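A.B. asks: Provided below are the primary sequence and the corresponding predicted coordinates.
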Amino acid sequence: MPVFISQIREALSVYYHKRVFILLLLGFSAGLPLMLVFSTLSFWLREAGVDRAAIGYFSWIALTYAFKWAWSPLVDRMSLPLFTRFLGRRRGWMLFAQLCLVGAILGMSISDPVVNLERLALCALLLAFASATQDIVIDAFRIESAPEKMQAALAAAYQVGYRSAMIIATAGALTIAAWVSPGDDTYHLEAWQTAYFVMALLMGVGILTTLLSQEPQVDTKDADKKERQLRDDFAAKYPKNIANTMAWLYSASVLPFIDFFKRYGKSAILILLLISCYRISDIVMGIMANVFYVDMGFNKEEIAFISKVYGLIMTLVGAAFGGVLLMRYGTMKILFLGALLVAITNLLFAWQAYIGYNVPFLTFAISVDNFSAGIATAAFIAYLSSLTSNGYSATQYALLSSIMLLFPKFIAGFSGLYVDAFGYINFFVAASVIGFPVLLLVVLVNRSQKPLMVANMTTTDNAMDEGKPPL
C-alpha cells in the first residue's frame, strides 16, 4: 500500500509545476471569448427579437476559428514591433491578441443589436479573429514550454481553465444579465451590455498571466538553417529582398504542410475528411440549442444552471472518463465510440421538443449529451495531437483544429432556416443522422493508417539493424 500511494503522489507531482498553473489561467483566457460569439450571443440576439435565420447567419462569424491556419505561420515566425522586443515572440503575440479581445468585447458591450446589428457583427468578428490568434499562440506556448512528458498535464490544466471560462461566459453572463434586469421577462439592453462589460474585465486574468509568465526557450537552429538554405537558393534567381521574403514564406507556410502529406501520403485526404466532419453533429445541434431552450419556455436561470454549469461539469467528467478509456482501449476505438454517442444523444432533444417544457428531462438530456461530448472531445484532441510532428506542431495543430470547424460551421449556418421550415423535432433527428457517416470515416482511416504504421515500424527496425538512426 505505501508503494501504491507513493506511485500516485509521483504521478500527481507534475500538476504542482508552475507551468501547469500558467496553462490553467491561459486556458481561462482562451475559453472566455468563444461563447461570447457563440451560444451567449445567440441568446442575446434571440431575446432582442432577432429572427432565427439571422442568428444562424451570425454563427458564420465563428468560421474565423476554422481559418486560423491561414495566419498561424505569421504567429509562428513573425515578430511584432515592441511586443516581441519586450516580451518575446510568444508572449508578445499573446498580449497583442488579448488587448484586441478586450477592445472587441467592450465594443460589443456598447452595441445595440436592434438599432445597429452591423456594428455588433463587426465587433464580434474582431473578437473571433483575436480569439483565434490567441488560440494559435497559446498552443505554441504550451508545446514549447515543457518536454513531451509534461504535455498531458499542461493540456489537462488548459482544458480545466478553458471549460471554467466557458461556464463564466455562458452561465455567468446569463446570470449577470438576469441580475441587472428589473425582474420581468422583457428584453433589457442594459443587462446584456453590463454582462459583456464584465467579461471584458475578466480578460485581465489572461493579460496578467502573460505579463508574469516566462518566455519559453526554443531551439530554432534547424528551422533557421532551412530558411537560410532556401534564402540562398532563391537568391540565385531573385533580388535579395524578394529572395528573403520568399524563403521566409516558404519555410513558415509550406514546409509544415509538406511534412504532413509526406508522412501520411494518400491517407492524408481521408484523415482531413474525418477531421472536417467529426464534430458536425454536435456543432449543428449546438447553434440552435439556446434558441430551442428559449422557445420551449425555459428561463435564463434554468438554462444557466442546467445547460451551462451542470452540463459543462458533465462534459469534464466525460472527458476524464474518456481519458481512462483511451489508456485502456486506444484512440481509434474511443474516437468511434465518441462519434456514436454524440449522434445518438441528439435524439434526446428531439424527444424534448416533442414533450415541451420539462426541467427533469432537460437535465437528463443535457447530462447524457455533455458526458458523451466529453468522451468524444478527449478522443479527438488525442487524435489531433498524434498527427502533428516535432518542429511543426504549432502550425499543424492550428491547421487541423481549424479544419474541424470549417464544414460543420458552414452547415450550421442554415440551421435556423431548417427549423423554420421543418420544426425542432425534424431538426434534431437530422442533426443525429448526419453524425453516422462519421463512423464509416473512422473505420476507413483506421484501416488506411495500419499499413503506414507497419511501414514505419519496418523502417525503424531496418535502420536499427543497419546501425543507423531511423528517418
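C.D. replies: Arrived safely. Worth saying up front: this structure is predicted, and the values here are computed from it rather than measured.

A.B. asks: distance of residue 195 relative to residue 238?
C.D. replies: Residue 195 is 54 Å from residue 238, where distance means C-beta to C-beta, to the nearest Å. Where you see a C-beta, it was placed from the backbone N, CA and C, and this is true even at glycine.

A.B. asks: more crowded one of these two?
C.D. replies: With neighbours defined as other C-beta atoms under 10 Å, residue 195 and residue 238 compare such that residue 195 has more, 23 against 14.

A.B. asks: so is that one in a helix, a strand, or just coil?
C.D. replies: Judged by DSSP: H, G, I helix; E, B strand; the rest coil, the three-state class of residue 195 is helix.

A.B. asks: what sits against the spatially most central residue of the chain?
C.D. replies: Central residue of the chain (C-alpha atoms, centre = their mean): residue 401, 6.8 Å from the mean position. Residues counted as contacts of residue 401 (C-beta atoms under 8 Å, 6 or more residues apart in numbering) are 65, 68, 135, 139, 384.

A.B. asks: same deal with residue 279?
C.D. replies: By C-beta under 8 Å, 6+ apart, the neighbours of residue 279 are 376, 380, 404-405, 408.

A.B. asks: next one: residue 255
C.D. replies: For residue 255, the contacting residues are 226, 392, by C-beta under 8 Å, 6+ apart.

A.B. asks: and the contacts of residue 279, which two are the farthest apart?
C.D. replies: By the measure C-beta to C-beta, 376 and 405 form the most distant pair in those, at 14.6 Å.

A.B. asks: and those two? which has more neighbours close in?
C.D. replies: Between residue 376 and residue 405, counted using other C-beta under 10 Å, the more crowded position is residue 376 (30 against 23).

A.B. asks: I'd say the more buried one and residue 343 touch.
C.D. replies: No. Judged on C-beta atoms under 8 Å, residue 376 makes no contact with residue 343 at a distance of 9.7 Å.

A.B. asks: show me the strands in the stretch 251-400 of the chain, by range?
C.D. replies: Assigned by DSSP state E, counting those that start in this stretch, the stretch 251-400 of the chain shows no strands.

A.B. asks: what about the residue nearest to the centre of the chain, which SS state?
C.D. replies: Using three-state DSSP, the structure places residue 401 in helix.

A.B. asks: that one and residue 139: what is the separation?
C.D. replies: Residue 401 sits 8 Å away from residue 139, going by C-beta to C-beta.

A.B. asks: circling back: quick check, nearest of the contacts of residue 401 to residue 314?
C.D. replies: For the contacts of residue 401, the nearest to residue 314 is residue 384 (22.5 Å; C-beta to C-beta).

A.B. asks: leaving out chain neighbours, which residue sits closest to that closest one?
C.D. replies: residue 400 (5.0 Å; C-beta to C-beta, 6 or more residues apart in numbering).

A.B. asks: check contacts around that neighbour.
C.D. replies: If you count contacts by C-beta under 8 Å, 6+ apart, residue 400 has them with 275, 384, 387-388.

A.B. asks: now restrict these to buried residues only.
C.D. replies: Buried members of those, scored by 16 or more other C-beta atoms under 10 Å, are 275, 384, 387-388.

A.B. asks: want to throw those into JSON lines with pLDDT and distance to residue 424?
C.D. replies: Conversion of these to JSON lines gives the following (pLDDT from 0 to 100; distance: C-beta to C-beta, whole Å):
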{"residue": "275", "pLDDT": "92", "distance to residue 424": "29"}
{"residue": "384", "pLDDT": "80", "distance to residue 424": "32"}
{"residue": "387", "pLDDT": "81", "distance to residue 424": "36"}
{"residue": "388", "pLDDT": "73", "distance to residue 424": "39"}
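
A.B. asks: max pairwise distance over the residues you listed: which two?
C.D. replies: When C-beta to C-beta is used, the two most widely separated members of these are 275 and 388, lying 12.3 Å apart.

A.B. asks: and the residue nearest to the centre of the chain, how far from residue 255?
C.D. replies: As defined by C-beta to C-beta, residue 401 lies at a distance of 19 Å from residue 255.

A.B. asks: alright, calling it a day.
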